[in-house]
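Undergrad: Got a predicted structure plus its sequence, pasted below:
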Amino acid sequence: MTTRESRARDEIARSVVGRERELTLVLAAVAAGRDVVLEGPPGTSKSTMLRAITEHWGVPFVLVEGNAELTPARLVGHHNPARVLQEDYSPDNFVPGPLVEAMRTGGFLYIEELNRAPEDTLNVLLGAMAERAVTVPRVGTMRAEQTFRVLASMNPFDNVGTARISDSVYDRWNRLAVGYQSDVEESDIVARRTGCTDRGLVDDGVALTRATRAHPELRRGSSVRGAIDLVAIAMELERISPEGERPPLMLDAALLALSARIGVDEASDATPEQVITEIWENHFFSVPGGQRRVRTA
């Protein structure tokens, strides 16, 4: 990596906690004119990295959610029906979709949950990626600016409502697997996002959240977003009840912040509340040797 590229990476890295290796790889791929799919659980700084790169480059970041409603027409664009009735079809009454918008402006088109998009939409996308152009009936061929890139994310741990990505689709992408960050990095993220200066509170929130990812009765644990909300709520609860003990306060905050973000295994009879309470008890009251541990604010 040249000195110029190193400076660019270091400048972009100021907006991202950790992720030095991943940031270097994504930056190298997009600088080489390549498209990238980031595969990993939610809340792992995928979009944060891409936004930081586009801000550094000074190009738009065009976000679109992959789902069954992302038809080819919604991706590419459509003619304004009211103006068509008055003026007939013309390039002037064409309303660009996110793909055309990103191509025209040389921005990054970022598709969240790529594997939720319909197959015919992916075919249109692959054509635009291959040709760096798209042809719209009654409008013409639109060619992408040099900085146009197509990036996407997929969550390999969630198969509900998703489709299998074919080999021909994978063949168009460079793939980067992105896992959860370390506990130290997640604590830094939570402290930055919440403004919390109480490191003990932050570490407790991160520990409770990370424990959901390894619990045997959960098929899905919470991302760092759960820890962010948990700590933010706990801060407010401590402000409201400054004399209260921290453990009960953290349980209430955890139940509120995490219960919707975890998925209990189908074979388990436990409820999300029971699992979170068990994690809370293990964190605050269970230590080697069986001694009870209690933390207060």
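TA: Nice, I can see it.

Undergrad: which residues of the stretch 1-150 of the chain fall in helices?
TA: 3-13, 20-31, 46-57, 72-76, 81-87, 98-105, 119-131 (DSSP state H, counting those that start in this stretch).

Undergrad: Quick check: buried residues in the last one?
TA: For helix 119-131, a neighbour-count test (16 or more other Cβ atoms under 10 Å) marks Thr121, Leu122, Val124, Leu125, Leu126, Ala128, Met129 as buried. Just so you know, the C-beta spots here come from the backbone N, C-alpha and C atoms, and that holds for glycine as well.

Undergrad: And for stretch 201-216?
TA: Buried residues in stretch 201-216 (16+ other Cβ under 10 Å): 201-212, 215.

Undergrad: Averaged pLDDT, it. What do you get?
TA: Per-region confidence: stretch 201-216 scores 96 on mean pLDDT.

Undergrad: what does it rub up against?
TA: 180, 183, 186-187, 190-191, 194, 196, 218, 221-224, 226-227, 230-231, 234-235, 238, 246, 250, 253-254, 258, 261-262, 275-276, 278-280, 282-283, 295 (Cβ atoms under 8 Å, 6 or more residues apart in numbering).

Undergrad: For Ala102, which non-adjacent residue is spatially closest?
TA: Nearest residue to Ala102 in three dimensions, chain neighbours excluded: Leu109, at 3.8 Å (Cβ to Cβ, 6 or more residues apart in numbering).

Undergrad: What about that neighbour, how many residues nearby?
TA: Residues lying near Leu109 (other Cβ atoms under 10 Å) number 27.

Undergrad: Show the pLDDT at it.
TA: The model's pLDDT for Leu109 equals 95.

Undergrad: separation between Val26 and Glu145?
TA: 20 Å (Cβ to Cβ, to the nearest Å).

Undergrad: okay, these two: which has more neighbours?
TA: Val26 (25 against 13).

Undergrad: per-residue pLDDT, the nearest residue to Ala117 once chain neighbours are set aside?
TA: Distances taken as Cβ to Cβ, 6+ apart place Gly66 nearest to Ala117, at 4.0 Å, with adjacent residues excluded. Per-residue pLDDT puts Gly66 at 90.

Undergrad: My guess is Gly66 contacts Asn115. True?
TA: Yes - between Gly66 and Asn115 there is a contact under Cβ atoms under 8 Å: 7.1 Å.

Undergrad: related to what we said a few turns ago, and the buried residues of helix 119-131 as a markdown table, adding distance to Gly43 and pLDDT?
TA: Shown next, in a markdown table, are the buried residues of helix 119-131 (distance: Cβ to Cβ, whole Å; pLDDT from 0 to 100):
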| residue | distance to Gly43 | pLDDT |
| --- | --- | --- |
| Thr121 | 25 | 90 |
| Leu122 | 25 | 90 |
| Val124 | 29 | 90 |
| Leu125 | 25 | 91 |
| Leu126 | 28 | 89 |
| Ala128 | 29 | 90 |
| Met129 | 27 | 91 |
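
Undergrad: So which of those is the closest to Val76?
TA: Val124 (6.4 Å; Cβ to Cβ).

Undergrad: in stretch 166-174, what's buried?
TA: For stretch 166-174, using 16+ other Cβ under 10 Å, the buried residues are Val169, Arg172, Trp173, Asn174.
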